[in-house]
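Peer 1: here are the coordinates; sequence isn't available:
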Ligand SMILES: Nc1ncnc2c1ncn2[C@@H]1O[C@H](COP(=O)(O)OP(=O)(O)OP(=O)(O)O)[C@@H](O)[C@H]1O
């Protein structure tokens, strides 16, 4: 079913048409059609194992990392003002796609190293930026994720010494430092206590206008607090609420 929303074409930053995804002989999603609207937080809900993470990963082709994966249909994203058919992108463009479509995972997955290295390394490897140029950008994103005040005096400390909530904010900063346009968030508060969950939720609320977000959540209250649009996944289909 096509998501019928009367948005001007300019507002649509993503269109999935007839997307089906299989792992080996198991169909996970079948003939999915949906639209992503600029600056909105789109929430994916649904029972465990229904394919929420699989759908997220399709948007930046992370499912390609797994064997026996097969996808058909088209996923068009508007990136840097141009329509890109993600499903047809050659492998050599995937690092650029993943830079523009950043992802934050359920549990913080920091790189081994210091706080600042967690930001400078992706900047160097993915964006080719040297440390001198990168530092200003690191400060900007650490401010953006409300972490600067807590880490500015210990940027060279081991990132693993941060609390769980701080680590998750650093993971968000690591995605933001690459200047993405779309953010994929896979249950980003699942491993956090209520206090840290609230901090991350405030943060996501503040990022809404600047980024188009697609997020997975199992929590109805969180969905109510954050979502501009809800997609419910069930029995291989996606329904717009
Ligand atoms: N790399 C993979 N190889 C084979 N099967 C996979 C792979 N990734 C996911 N699956 C299968 O696809 C189905 C959907 O998984 P997915 O992780 O997308 O569900 P989910 O809705 O995010 O679940 P949860 O809410 O429990 O995190 C599951 O049956 C899972 O076992």
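Peer 2: That came through fine. This is a predicted model, so every value here is computed, not measured.
Peer 1: quick one, phi/psi of the residue most central in space within the chain?
Peer 2: Taking Cα atoms, centre = their mean, the centroid of the chain lies closest to residue 184, which sits 1.4 Å from it. Note on residue 184: backbone dihedrals following degrees, to the nearest 10 are phi -100, psi 130.
Peer 1: tally up the residues packed near the nearest residue to it once chain neighbours are set aside, please.
Peer 2: The shortest distance from residue 184 to any non-neighbouring residue, by Cβ to Cβ, 6 or more residues apart in numbering, is to residue 103 (4.2 Å). All C-beta spots, glycine's among them, are computed from the backbone N, C-alpha and C. If you count neighbours by other Cβ atoms under 10 Å, residue 103 ends up with 21.
Peer 1: how about the helices in the chain?
Peer 2: Assigned by DSSP state H, the helices in the chain fall at 52-59, 94-100, 117-127, 131-144, 148-151, 164-176, 194-207, 220-226.
Peer 1: of those, which is nearest the ligand?
Peer 2: Smallest distance to the ligand across those (Cβ to the nearest ligand atom): 3.4 Å, for helix 52-59.
Peer 1: quick check: buried residues in the closest one?
Peer 2: Neighbour counts over helix 52-59 (16 or more other Cβ atoms under 10 Å) mark 52, 53, 54, 55, 56, 57, 58, 59 as buried.
Peer 1: what do you get for stretch 198-215?
Peer 2: 199, 200, 201, 203, 204, 207, 211, 212, 213, 214, 215.
Peer 1: try stretch 17-31
Peer 2: For stretch 17-31, a neighbour-count test (16+ other Cβ under 10 Å) marks 19, 21, 22, 28, 29, 30, 31 as buried.
Peer 1: so which of the residues you listed are in strands?
Peer 2: Among the buried residues of stretch 17-31, the members found in strands (DSSP state E) are 19, 21, 22, 28, 29, 30, 31.
Peer 1: on that earlier part again, out of the buried residues of helix 52-59, which one sits closest to residue 136?
Peer 2: Closest approach between the buried residues of helix 52-59 and residue 136, by Cβ to Cβ: residue 59, at 29.2 Å.
Peer 1: the closest one against residue 77, yeah?
Peer 2: Yes: using Cβ atoms under 8 Å, residue 59 is in contact with residue 77, at 7.2 Å.
Peer 1: thinking again about what came up before, please list which of the buried residues of stretch 17-31 also come close to the ligand.
Peer 2: residue 28 (Cβ under 6 Å from any ligand atom).
Peer 1: which of the buried residues of stretch 17-31 sits closest to the ligand?
Peer 2: For the buried residues of stretch 17-31, the nearest to the ligand is residue 28 (4.5 Å; Cβ to the nearest ligand atom).
Peer 1: and the gap between that closest one and residue 54?
Peer 2: Noted for residue 28: a distance of 5 Å to residue 54, by Cβ to Cβ, to the nearest Å.
Peer 1: quick check: neighbours shared by these two?
Peer 2: residue 21 (Cβ atoms under 8 Å, 6 or more residues apart in numbering).
Peer 1: give me the residue ranges of the protein where confidence is low.
Peer 2: In the predicted model, the chain carries pLDDT under 70 at residues 1-10.
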